[in-house]
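J.: Need the 3D shape of this:
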Amino acid sequence: MHPRRRLLAVLAAGIVSPVFPAFAQPKVARIGILSARSRPTAENPDPFWGSFVQGMRELGYVEGRNLSTEWRHADGQRERFPRLAAELVQLKPAVIVTHATPAQAVKQATSSIPVVVTSFIGDPVRDGFAKSLSRPGYNFTGMSLLSTDVSEKHVELLRIMLPEVSRFALLIDPGLPYHAVILKKVQAAAQALGIQILPVQARDLQEIERGFETMVRKRVTAVIVAASSLFAMHLRQIADLALRHRIAIMGAGRPQAVAGSLIIYGADTGDTYRRAAGHVDKILKGAKPGELPIEQPTKFELVINRKTAQALGITIPNELLTRADEVID
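T.: As a prediction, the model looks like this:
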């Protein structure tokens, strides 16, 4: 048969893929994401999940091309976690990605689907997510923020910033077990420095607002805000409340300082979300989550908001200025 007629015969038979493999559609990776916070918008982007998406893009995953993402947002209402987690499990994604607070609901919803946690805030072993950090053994892996381990540092740095203050408040969510651990560590560190701690509990924005009113009544001028998804969702409102009541905030993540908190110290959360994308990539390529180590933070940062300090009439000590990784003007 003439070569031209042979080609036409192949095309007529519909056998196109072996001849033109470039036309094959790329395999689409399907993942589910459960967030405690609200859906990001152009006006109010989520700096944490944005880092995860960027990490996936750097690894070659592009939404609509070779990546399909099912998002579920709880809008700060933790009672919605079980239902949203169950919805994602029913969709049977290749991987579920979540973070600190809703991770427990995902744990209860599935023991088979691989789960990557961008930010374990408590102890993953103590909380039943892993047998050990080096070899988790179950269907969970991810990144640990070691938030309870920087509690003493928060007291120390806030004391340097405000040496004359003898009482700090600590804003915690009573629904989070690891906040009880943070409270004990903060109280112990404060007692060693002769500082009193006023615990202030809040489960939603209304209780946060009432908490600041309590601080004003108790004449507290500085507060340590424990790391949580609830407080992260309302970080701008918290910063505004603090500025209105002339209360200095010590926080755990750079977005808090950008929003107006006076000083933060903690793991670079954007970096942990970005690195979590690497775990997802490995699982999509065949790795088992139980064999992927839960990684520790590699970057910690001290950030100071000079504009907030000026608004509060606080002079930033040179000791902190020289140690700061970033000063926001």
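J.: How is the chain partitioned into domains?
T.: In the assignment given by automatic domain parsing, the structural domains of the chain cover 29-146+269-298, 148-267+301-328.
J.: Dump those to TSV, plus mean pLDDT and mean neighbour count.
T.: Heads up, the C-betas are built off the backbone N, CA and C, glycines and all. Putting the domains of the chain into TSV (pLDDT from 0 to 100; neighbours: other C-beta atoms under 10 Å) gives the following:
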stretch	mean pLDDT	mean neighbour count
domain 29-146+269-298	93	19
domain 148-267+301-328	95	19
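J.: can you map out the strands along the stretch 101-250 of the chain?
T.: Counting by DSSP state E, counting those that start in this stretch, one finds strands in the stretch 101-250 of the chain at the ranges 115-120, 140-144, 167-172, 196-201, 222-225, 248-251.
J.: Which strands and helices lie in contact with the last one?
T.: Yep, that's strand 248-251 we're talking about. The criterion is 3 or more C-beta pairs under 8 Å, 6 or more residues apart in numbering; DSSP states H and E, and the helices and strands that strand 248-251 contacts are helix 151-161, strand 222-225, helix 235-244, strand 263-267.
J.: what's the first one in contact with?
T.: The set of residues that contact helix 151-161 without belonging to it, under C-beta atoms under 8 Å, 6 or more residues apart in numbering, is 165, 168, 182, 185-186, 188-190, 193, 195, 222, 224, 248, 250, 252, 262-263, 265, 302, 314, 316-317, 319-320.
J.: gap between the nearest residue to residue 276 once chain neighbours are set aside and residue 40?
T.: Leaving out its chain neighbours, the residue that sits closest to residue 276 by C-beta to C-beta, 6 or more residues apart in numbering is residue 118, at 4.2 Å. Noted for residue 118: a distance of 14 Å to residue 40, by C-beta to C-beta, to the nearest Å.
J.: Residue 93 too?
T.: 20 Å.
J.: Tell me what angle the particular helix or strand that has residue 57 in it forms with helix 235-244.
T.: In the assignment (DSSP states H and E), residue 57 maps to helix 47-58. Taking axes from the mean of the first three to the mean of the last three C-alpha atoms, to 10 degrees, one finds that helix 47-58 is oriented at 140 degrees with respect to helix 235-244.
J.: which helices and strands does helix 47-58 pack with?
T.: Packing contacts for helix 47-58, counted by 3+ C-beta pairs under 8 Å, 6+ apart, involve strand 115-120, helix 254-259, helix 269-284.
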